[in-house]
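Colleague: After the sequence you'll find the predicted model.
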Amino acid sequence: MDDKDLNLENQGPDENPVPEDTKKDENEVSEENSNSDMPESEVSEVKEAAVPDEKEGEDDFATVNLGVEDQNYQLVPKKKKKNKAMVVVSIALAVLLVAAAMLLCKMFFFSSASEGTGNLYSRGIATTKGNDVYYVNFSDYKMYKANIKTGESKCLSDDFAMYISNYKNKIYYLGVKINDQKTAYTYQFKKYVDGKNDVVILDSEISQPQFSGNYLYYMVSVPEINSGYSSYIYRVSLKGGKPELVCDVPCVSFYVDKNDLYYCDVSLSSLVKVDLLKSIKLCTAPLKGKTLRASSDLSAEVIAKTIATCMVRYKDSIYYIDNQNNNQLLRYDMGKKKSYAINDGTYVAAINIYNNYMYYYNAKDYSIYRMKMDGSDVRKITGAGYGFMALSNNKFLYMNFTESYQQYIAVCDLDGKLIKNVGLDQAAAGSTKGNTANSNTTSGDTTTDKNAAKDKASEGATQKQETTSKETASAKAQ
């Protein structure tokens, strides 16, 4: 790993920057596939309320059992009014409990599931827990904690940090160390305890980590396949232990959705879906004379014939970026078995879904936008920047920078209004640039500043575009 791998300034989110279109109609872009049904989505990250741990072996994130037991009331003439009142109260309580269950389902299954995965697509630059922000301090690339109310901050670990995430109310991160000779790196995925006694879950360099159930899913590059641009998918228990091979079909991206596994097959240049447990079982079987396993060996269903990245499920659809078609934002309808373009194919480089809204990075102007899931109500919420963002505990966090281009984390409400800047020294705190779209966030937003911000942001975006273009070209060559 080179020093540039830790320098987010020269890297964008894990996708290409491209122009944006904001038309509201959805257009059909692909043909029907099979008629199999999709199970419900699981949750990838819990909000701040503590949720009991799952039983080992279950692959659901949280199960909410709210209701009332049936009660038999024996009516007596003299107590008719009282018993009638009790029945009314019982019905009212049942209605309230059902409403509470629906609210919890909306909170856990429609927000948090995509929240954690979307944050990790932006390399997990920050997350929240209570009134604290856990974030990468770009001055030394270590993990810090800052109190949103007081602004007090402290360094939590000596490791370089990536993929910071709050899952089941616990903080996880990938710690990176370099040896004294600065010739080699070691990687450890950890559960944060106190910075000194953190629990090591995995000793390995990984990419695209995702949480599901009691497991961490991730990709490991295979150097001998496709010049290292292809990977296999693994998982490891959050308690640690031996990693388990999940899929040995060469792929460039993936998404775990309860009992289903979506991945982008390099040889087919297609997004496919397989049964997760079936894939785990079959990938250990002998290849029988073949050098590489094929998706057909796993009875895969082709979802879209393209290089798809940044996949996130919302309700009955899978949203993804079509990397081979100008990074269009598409929605795959699991019922109709078809893909549709959002706003005639809004051009995006990273997506994150939270509270019924899609947040996305548009590289036409290097800004982050927010829109409803049908493509309407498009709103620009930041100015030019790098596109790294996170959504957690009703907070929108993103990488911002000062006039001297010192990076820091801006903590905002969901509309982009500034709450607190973290990761700034005192000298730089008063020189934050006006590169946000919301007029209430910062001051001094000049045309010169905007143009300079775009130039600076384009450096990292261009480099990432070149890298991803190589991946796409290499995938086509297969």
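Modeller: That came through, no problem. Model, not experiment: these values are computed from the prediction. Residues are numbered from 1 along each chain as shown.

Colleague: Quick one: low-confidence residue ranges for this protein.
Modeller: 1-116, 426-478 (pLDDT under 70).

Colleague: give me that answer again for 50
Modeller: 2-4, 9-10, 15-80, 95, 97-114, 427, 434, 439-478 (pLDDT under 50).

Colleague: just checking, residue 282 touches residue 297?
Modeller: Yes. Counting by CB atoms under 8 Å, residue 282 touches residue 297, with 6.3 Å between them. All C-beta spots, glycine's among them, are computed from the backbone N, C-alpha and C.

Colleague: list the contacts for residue 305?
Modeller: Shown in contact with residue 305 (CB atoms under 8 Å, 6 or more residues apart in numbering): 30, 268, 269, 270, 271.

Colleague: What distance do you get for the closest residue to residue 212 other than its chain neighbours to residue 274?
Modeller: Spatial nearest neighbour of residue 212, excluding adjacent residues (CB to CB, 6 or more residues apart in numbering): residue 256 at 4.4 Å. Distance from residue 256 to residue 274, counting by CB to CB, to the nearest Å: 11 Å.

Colleague: list the residues that contact both of residue 282 and residue 297?
Modeller: With CB under 8 Å, 6+ apart as the test, residue 282 and residue 297 reach no residue in common.

Colleague: related to what we said a few turns ago, okay, residue 256 and residue 274: which has more neighbours?
Modeller: residue 256 (26 against 23; other CB atoms under 10 Å).

Colleague: in which helix or strand would I find that one?
Modeller: strand 244-257 (DSSP states H and E).

Colleague: Could you list the residues in contact with the very next helix or strand once past that strand?
Modeller: Once the chain leaves strand 244-257, the next helix or strand it forms, by DSSP H and E, is strand 260-265. Around strand 260-265, the neighbours that count as contacts under CB under 8 Å, 6+ apart are 38-39, 233, 246-247, 249-256, 270-276, 279, 295, 300, 303, 307-309, 311, 318, 475.

Colleague: repeat that with 7 Å
Modeller: Contacts with strand 260-265, where a contact means CB atoms under 7 Å, 6 or more residues apart in numbering, come from 38-39, 233, 246-247, 249, 251-255, 271-276, 279, 295, 303, 307-309, 311, 318.

Colleague: picking that back up, quick one: strands adjacent to the strand holding residue 256?
Modeller: Sheet pairing of strand 244-257 (DSSP bridges) gives strand 231-237 (antiparallel), strand 260-265 (antiparallel).

Colleague: Columns distance to residue 187 on top of those strands, output as TSV?
Modeller: Converted to TSV, the strands paired with strand 244-257 look like this (distance: least, CB to CB, whole Å):
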stretch	distance to residue 187
strand 231-237	13
strand 260-265	22
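
Colleague: hey, where'd the strands end up in the stretch 351-478 of the chain?
Modeller: Residue ranges of the strands in the stretch 351-478 of the chain, as given by DSSP state E, counting those that start in this stretch, are 357-362, 367-372, 379-380, 389-392, 395-401, 407-412, 418-422.

Colleague: Mind listing the strands the second one pairs with, and their directions?
Modeller: In other words, strand 367-372. strand 357-362 (antiparallel), strand 379-380 (antiparallel).

Colleague: The first one versus strand 395-401: what angle between them?
Modeller: Calculated by axes from the mean of the first three to the mean of the last three CA atoms, to 10 degrees, strand 357-362 forms an angle of 10 degrees with strand 395-401.

Colleague: and residue 270, how many neighbours?
Modeller: So residue 270, with other CB under 10 Å, has 19 neighbours.

Colleague: Ok, residue 259 next?
Modeller: Residue 259: 17 neighbours (other CB under 10 Å).

Colleague: looking at the strands paired with strand 244-257, which is closest to residue 154?
Modeller: With CB to CB as the measure, strand 231-237 is the member of these nearest residue 154 (29.4 Å).

Colleague: Could I get the buried residue list for that closest one?
Modeller: The neighbour-count check on strand 231-237 (16 or more other CB atoms under 10 Å) flags 231, 232, 233, 234, 235, 236, 237 as buried.

Colleague: where's the fourth one relative to residue 362, distance?
Modeller: Taking CB to CB as the criterion, residue 234 is separated from residue 362 by 33 Å.

Colleague: would JSON lines of the strands of the stretch 351-478 of the chain with distance to residue 132 be doable?
Modeller: As requested, these are exported to JSON lines (distance: least, CB to CB, whole Å):
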{"stretch": "strand 357-362", "distance to residue 132": "22"}
{"stretch": "strand 367-372", "distance to residue 132": "23"}
{"stretch": "strand 379-380", "distance to residue 132": "28"}
{"stretch": "strand 389-392", "distance to residue 132": "11"}
{"stretch": "strand 395-401", "distance to residue 132": "11"}
{"stretch": "strand 407-412", "distance to residue 132": "11"}
{"stretch": "strand 418-422", "distance to residue 132": "10"}
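
Colleague: So which of those is the most surrounded?
Modeller: strand 389-392 (a mean of 28; mean count of other CB atoms under 10 Å).

Colleague: just checking, what packs against that one?
Modeller: Judged by 3 or more CB pairs under 7 Å, 6 or more residues apart in numbering; DSSP states H and E, strand 389-392 is in contact with helix 113-121, strand 126-129, strand 350-354, strand 395-401.

Colleague: rerun that using 6 Å as the cut-off
Modeller: strand 126-129 (3 or more CB pairs under 6 Å, 6 or more residues apart in numbering; DSSP states H and E).

Colleague: which residues are in contact with the strand it packs on?
Modeller: Under the contact criterion CB atoms under 6 Å, 6 or more residues apart in numbering, strand 126-129 has outside partners 133, 134, 135, 164, 165, 166, 390, 392, 393, 395, 397, 409.
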